[in-house]
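*Asks:* Build the 3D model from these lines:
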Amino acid sequence: MGLMDILNTIQNSGAASDPRARPAPTTQGSSQGANQGMSPIAKALLALLAVYAMKNMRRADSAPNQPAGRPGNVNAGLPGGAAGGGGGGLGDLLRGTLGGLLGGAAAGTVLNGGLGGLLKQFQENGQGDIAHSWIGTGPNKTISEGDLASALGGDTLDTLSNQTGMGREDLLSGLSRQLPRFVDQLTPDGRVPSEEEAQRMV
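*Replies:* As a prediction, this is how the structure comes out:
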């Protein structure tokens, strides 16, 4: 199952009963069509991957002049024609709009690094057992909004709120419902996909 299929499933599952899950109206036929027709919670899930991919790449590069603590706005400092510049596909969305600070990294790198970084964050914040259940083949354990907020941290939640326009309460409610299934569907083999496998999903 591809990433767009997974996001469509998430979008459609809550749209009937939850007005927050409905996509924003699409404006004109812009090159950001994939982004504009996406529900806020689907954007939040992609932005979450982009934030942790960025943190993961910063750790790997260990650039001394880039503090790894604050993710900031994932759109900050984007030149007009950011990497991924204009096809409007999901790969462009991951590399471009949401992954603008990733220096044009391939979408598979963003997906792989973001998922790995996110799971590491849960592990470091005492939620590793819950996150591992999302990857494994058994049932997905639930996570409370409070535990999710503690695991992600205020800076990341602020970034996601800015990216999606969702308030923190709505964001945590949506993520606590959708994140377990999202991670589960991104890890069909019971492990984080390699960059090559992730690239094929996009």
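
*Asks:* Can you name the residues that contact the nearest residue to T187 once chain neighbours are set aside?
*Replies:* Leaving aside its chain neighbours, T187 sits nearest to I135 (4.5 Å; criterion: Cβ to Cβ, 6 or more residues apart in numbering). The way it works is simple: take the backbone N, C-alpha and C, and place the C-beta from them, glycine included. By Cβ atoms under 8 Å, 6 or more residues apart in numbering, the contact set of I135 is L119, V183, D184, T187, G190, R191, V192.

*Asks:* so who does the third one touch?
*Replies:* Put plainly, it is D184. D184 neighbours (Cβ under 8 Å, 6+ apart): W134, I135, N140.

*Asks:* Output stretch 126-142 as PDB, nothing but the C-alphas.
*Replies:* Taking Å, rounded to 0.1, in the frame of the first residue of the first chain, the C-alpha atoms of stretch 126-142 are listed here in PDB:
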ATOM      1  CA  GLY A 126       8.900   6.000  27.900                       C
ATOM      2  CA  GLN A 127       6.400   5.100  25.200                       C
ATOM      3  CA  GLY A 128       8.500   2.600  23.300                       C
ATOM      4  CA  ASP A 129       6.300  -0.300  24.200                       C
ATOM      5  CA  ILE A 130       3.300   1.400  22.800                       C
ATOM      6  CA  ALA A 131       5.100   2.500  19.600                       C
ATOM      7  CA  HIS A 132       6.500  -1.000  19.100                       C
ATOM      8  CA  SER A 133       3.000  -2.400  19.100                       C
ATOM      9  CA  TRP A 134       2.200  -0.200  16.100                       C
ATOM     10  CA  ILE A 135       5.100  -1.700  14.200                       C
ATOM     11  CA  GLY A 136       4.500  -5.300  15.300                       C
ATOM     12  CA  THR A 137       1.900  -7.700  13.900                       C
ATOM     13  CA  GLY A 138      -0.300  -7.800  17.000                       C
ATOM     14  CA  PRO A 139      -3.000  -5.200  18.000                       C
ATOM     15  CA  ASN A 140      -2.000  -1.600  18.200                       C
ATOM     16  CA  LYS A 141      -2.000  -0.200  21.700                       C
ATOM     17  CA  THR A 142      -3.700   3.100  22.200                       C
END
